[in-house]
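Asker: Model the following, please.
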Amino acid sequence: MATSSKPKRRSRGMIETLPSGSLRVRIKAGIDPVTKKEHHLTEVVPAGPDAAAEAEKVRTKLLNQLDERRASKTRATVNQLLDKHFELLKVEPKTMEGYQSVTRNHIRPLLGEQQLGKIDGHILDSFYSVLRTCRAHCGGRKFVEHRKQGEHQCTDKCRPHVCKGLGDGSLRKIQAVLSGAGKRAKRWGWIGVNPFDLAEPLPGAQSNPQPPSLEQAARIATEAWQDLDWGMLIWLAFITGARRGELCALAWDRLDFSTRVLTIRSSIAQSGAKTWEKETKTHQQRRISLDERTVALLRSYREHCAERAGLKTMPAAARIFSLKPDGSTWLKPDSVSQRYARMCARLGWDMNIHQLRHYSATELIAAGTDIRTVAGRLGHGGGGTTTLRVYSAWVAEADDRASGTLAGRLPDLPVALSAQGKLAPVALVAAPEDESPYKRIAKDLQGAIVSGVLAPGQQLPTVVDLAKRYEVSFGTAQRAIAQLRAAGLVSVSRGKRAVVVDPAAAADGEPAKVVGLRERRGK
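Answerer: Take a look at the predicted model:
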């Protein structure tokens, strides 16, 4: 008996037979908010002996989705959603430019025509797989990447295409656009759930600051000071750790010479040739204390700027760094970055100006400055959380040095570790209350030896270094080492530096046995 093609109506929804024998389930889902037409949820069940029962299951599933508000209420596409989303999105112009770029180059070409209700995990995984494989979405095609569009004479810049995927930073930007648009669509009632949240989370961003070394920093500063204006800017970047846009925005009224405090209130942003002044990245102003040397340099620099502009003094609102003598304009951040990169290239390094910010942070941490103070100077939010995450390696290094310092300052111990890793008693250097300078030096060195900071076989600082560090005479430092030798803690040879001995040998009253470097390295 032939199956009728007339739809079978149910209390809610209908199942109709298609010419192919398949069954189509249709559920009314209200009025499409975009097209203003009646919207239906539909799904086709292939023909077969169990098609009728399967169609009933599909109808129940769609009704549940509709009742739980998980079903899409529109046939709107991703393109239509993004158009509405960007009309209402309020972000910084630079951020908007980045969002528009990834949307134009990647989201619209690959997902733009997809209906929101049909976006699922499989589609998103395929989308991100394409982006990780090739940012040009070539699909394995071979072609030549030309240096410009239209007719032109090809040069060596017109090269065969080589696939290169998007980095995690660009993928995070794409996820931010889609997730934000999906949340807006859900709030509008277009969809019941945000389908873009089904995307596989990306790994957290790994910060890898690479500050210049002390030697590189010295060469950079020396090279920069060939030009007074440029040298002052680079010096202030070293000292304050300010962002390039914040340096460009500085004005003379933000520097208090009496209290030696520089206030960061704003930043200069740039998009192409356009620049504008805006709030700082964290939307907060901060105060940075300056050292006397830097303040003296800035005072002399202000006098230089006033003399160059033919003024008695620089106006309060004048920019500290400007191409105009009167400081009426600010520098362009991109120009500052490019000049710095060219300067470093002349020195043989591939560096960017943001690394000066890393240099300031790492030097402060290495000097023992607490994290909250470093975070405050850099303008990091979260009370130091960002600082800890970005500079965790330097914090760990500073912590390791601090542990050695603490161990060396602890009270003297009657035992020490031998070369075999065993505890052994050791003779302590006497320390009367009115101890002389040489006894104080001997006590400090002894503390480092018995705590393991100075291991057996390790050399003591030179007599010259000890004399300089403790501000004593050469003879006083020699006397301190002689006392350690008398206690059996070090061995001294003519013309060589004192070496820590194995405490076990000293405890047995035997001649001091030196665990030399050759012996420790296995000869």
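Asker: what's near enough to touch Ala367?
Answerer: Contact analysis of Ala367 by C-beta atoms under 8 Å, 6 or more residues apart in numbering lists nothing. The C-beta positions use only the backbone N, C-alpha and C, and glycine is treated the same way.
Asker: Per-residue pLDDT of it, please?
Answerer: According to the prediction, Ala367 has pLDDT 79.
Asker: Can you report how many residues lie near Ile234?
Answerer: Ile234 sits with 24 neighbouring residues when counted by other C-beta atoms under 10 Å.
Asker: And for Trp188?
Answerer: Neighbour count for Trp188, taken as other C-beta under 10 Å: 15.
Asker: what do you get for Arg479?
Answerer: 18.
Asker: got it, and the one 4 residues further on?
Answerer: A count of nearby residues for Gln483, using other C-beta under 10 Å, gives 19.
Asker: Relative to Leu489, how far out is it?
Answerer: The gap separating Gln483 from Leu489 is 9 Å, by C-beta to C-beta, to the nearest Å.
Asker: Could you do Ala218 as well?
Answerer: Taken as C-beta to C-beta, the span from Ala218 to Leu489 is 38 Å.
Asker: what do you get for Ala316?
Answerer: Per C-beta to C-beta, Ala316 is found 63 Å from Leu489.
Asker: of those two, who's got more company?
Answerer: Using other C-beta under 10 Å as the criterion, Ala316 and Leu489 rank with Leu489 on top: 27 against 10.
Asker: mind checking how far the nearest residue to the more buried one once chain neighbours are set aside is from Val492?
Answerer: Spatial nearest neighbour of Leu489, chain neighbours left out: Ile449 (5.5 Å); criterion: C-beta to C-beta, 6 or more residues apart in numbering. Ile449 sits 14 Å away from Val492, going by C-beta to C-beta.
Asker: which of these two has more neighbours?
Answerer: Neighbour totals were compared for Ile449 and Val492, and Ile449 leads with 27 against 16 (other C-beta under 10 Å).
Asker: The residue nearest to Leu489 reaches Ile481, doesn't it?
Answerer: No: using C-beta atoms under 8 Å, Ile449 makes no contact with Ile481, being 11.9 Å away.
Asker: okay, which residue is most central for the chain?
Answerer: What sits nearest the mean C-alpha location of the chain, by C-alpha atoms, centre = their mean, is Ser207, with 3.8 Å.
Asker: Identify the residues contacting that one.
Answerer: Counting by C-beta under 8 Å, 6+ apart, Ser207 has contacts 389-391.
Asker: Export those residues to CSV and append columns for pLDDT.
Answerer: Below are these laid out as CSV (pLDDT from 0 to 100):
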residue, pLDDT
Arg389, 77
Val390, 79
Tyr391, 79
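Asker: What about the residues you listed, which are in helices?
Answerer: Members of the contacts of Ser207 lying in helices (criterion: DSSP state H): 389-390.
Asker: right, and the helix or strand after the helix ranked longest in the chain?
Answerer: Criterion DSSP H: the longest helix present in the chain is helix 168-188. Following helix 168-188 in sequence order, the next helix or strand is helix 214-224 (DSSP states H and E).
Asker: just for the stretch 151-300 of the chain, where's the confidence low?
Answerer: Per-residue confidence for the stretch 151-300 of the chain (pLDDT under 70) gives these ranges: 204-206.
Asker: Spit out the contact partners of the closest residue to His137 other than its chain neighbours.
Answerer: Leaving out its chain neighbours, the residue that sits closest to His137 by C-beta to C-beta, 6+ apart is Val130, at 5.8 Å. With contact taken as C-beta under 8 Å, 6+ apart, Val130 is in contact with 110, 137, 139.
Asker: ok, of these, which come out buried?
Answerer: Neighbour-count burial (16 or more other C-beta atoms under 10 Å) applied to the contacts of Val130 gives Leu110.
Asker: Show me the contacts of Val130 that map onto helices.
Answerer: Leu110.
Asker: of the contacts of Val130, closest to Pro46?
Answerer: Leu110 (28.6 Å; C-beta to C-beta).
Asker: separation between that closest one and Ala185?
Answerer: Distance, Leu110 to Ala185, by C-beta to C-beta: 18 Å.
Asker: and Thr42, that's in a strand?
Answerer: Yes: under DSSP: H, G, I helix; E, B strand; the rest coil, Thr42 falls within a strand.
Asker: what's the burial count for it?
Answerer: Thr42 has 14 neighbouring residues, counting by other C-beta under 10 Å.
Asker: That one touches Ser22, doesn't it?
Answerer: No: applying C-beta under 8 Å, one finds Thr42 not in contact with Ser22, separated by 11.8 Å.
Asker: pretty sure Trp252 is in contact with Ala318, am I right?
Answerer: Yes: assessed by C-beta under 8 Å, Trp252 is found in contact with Ala318 at 5.5 Å.
Asker: and these two? which has more neighbours close in?
Answerer: Ala318 (22 against 19).
Asker: Quickly note the distance from the more buried one to Leu171.
Answerer: Distance of Ala318 to Leu171, computed by C-beta to C-beta: 43 Å.
Asker: One more: Val500?
Answerer: To Leu171, Val500 is 54 Å away according to C-beta to C-beta.
Asker: quick one: contacts for the closest residue to Ala341 other than its chain neighbours?
Answerer: Distance criterion C-beta to C-beta, 6+ apart; nearest residue to Ala341, sequence neighbours excluded, is Asn352 at 6.1 Å. Asn352 makes contacts with 337, 340-341, as judged by C-beta under 8 Å, 6+ apart.
Asker: Looks to me like Asn352 is in a helix.
Answerer: No: using three-state DSSP, the secondary structure at Asn352 is coil, not a helix.
Asker: Would you list the phi and psi of it?
Answerer: phi -130, psi 160 (degrees, to the nearest 10).
Asker: give me phi/psi at the spatially closest residue to Arg497 that is not a sequence neighbour?
Answerer: Once flanking residues are discounted, Arg497 sits nearest to Gln459: 4.5 Å by C-beta to C-beta, 6+ apart. Main-chain torsions, Gln459, degrees, to the nearest 10: phi -80, psi 140.
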